[in-house]
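Colleague: 3D, please:
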Amino acid sequence: MHRTLAAIAGVALTALAILAGPALTQTASPQAKPADGTEIATFAGGCFWCVESDFDKVEGVLSTVSGFMGGTTANPSYRQVTSGGTGHIEVVQITFDPKKVPYTKLVDYFWRHVDAYDAGGQFCDRGDSYVTAIFAHTPEQKKIAMASKEALEKSGPLKQPVVTTIRDAGPFTAAEEYHQDYYKKNPIRYNYYRAGCGRDARVEAIWGKKATQ
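Modeller: Residues are numbered from 1 along each chain as shown. Purely as a prediction, here's the structure:
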């Protein structure tokens, strides 16, 4: 996402400056173990700053962590993932209370905050690390996600194939601390990036008023 921000800004706010941040050691977890009464969900919706911001608004979501999943490189850094070759996708791992927000509603919310018809990335962010995916942590999650995708293909807002993949969750690597809660730490840069990238405009074009529900 940061590679495109400089082009959007058209000013001296370079990708290098945005990427500047503490170099932290990252830790991969094969499967997150939720606390009693909570569950884990993982979604890839392009820029993890934006996905994190969107899901933090959902009642029943207890925490969100930006990171990477789906590749073969152990403990990849942000630079490695966005440079390509690791196979990883930017994701957000969510801890939620299923009594307040069931997984079915999280999946529905996910669809209405991404462009599920874009196979080349999301909005202004292009490349394999920005594609959409749902990573299922249990057979039940996979069943729900696949049924939801099938329903979207039949009665979704656009009569196009839904390219979002449904995959089994694998090792999750949290992104550097600089990326966590970026929208809170750097609201001006974040809001400028999000508006310039056209994320909300495209989602609204697809879903209309339903995009904000």
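
Colleague: any idea how far Gly170 is from the closest residue to Thr165 other than its chain neighbours?
Modeller: The shortest distance from Thr165 to any non-neighbouring residue, by Cβ to Cβ, 6 or more residues apart in numbering, is to Ala133 (4.8 Å). The C-beta positions use only the backbone N, C-alpha and C, and glycine is treated the same way. For Ala133, the distance to Gly170 equals 11 Å [Cβ to Cβ, to the nearest Å].

Colleague: and these two? which has more neighbours close in?
Modeller: When Ala133 and Gly170 are compared for neighbours, Ala133 comes out ahead with 21 against 15, by other Cβ atoms under 10 Å.

Colleague: quick one, longest helix in this protein?
Modeller: Across the chain, the longest stretch assigned as helix under DSSP state H is helix 139-155.

Colleague: Return the alpha-carbon coordinates of stretch 80-100 using CSV.
Modeller: Listed next in CSV are the C-alpha coordinates belonging to stretch 80-100 (Å, rounded to 0.1, in the frame of the first residue of the first chain):
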residue,chain,number,x,y,z
GLN,A,80,9.7,-9.1,1.8
VAL,A,81,5.9,-9.7,1.4
THR,A,82,5.3,-6.6,-0.7
SER,A,83,8.4,-7.2,-2.8
GLY,A,84,6.9,-10.5,-3.9
GLY,A,85,8.0,-14.1,-3.9
THR,A,86,7.0,-15.1,-0.4
GLY,A,87,3.5,-16.2,-1.3
HIS,A,88,2.1,-14.3,1.7
ILE,A,89,-1.0,-12.1,1.6
GLU,A,90,-1.7,-9.1,3.9
VAL,A,91,-4.3,-10.2,6.4
VAL,A,92,-6.0,-9.1,9.6
GLN,A,93,-6.5,-11.7,12.3
ILE,A,94,-9.5,-11.0,14.4
THR,A,95,-10.4,-12.2,17.9
PHE,A,96,-14.2,-12.0,18.4
ASP,A,97,-17.0,-12.9,20.8
PRO,A,98,-19.3,-15.2,18.8
LYS,A,99,-22.1,-14.4,21.3
LYS,A,100,-22.1,-10.8,20.1
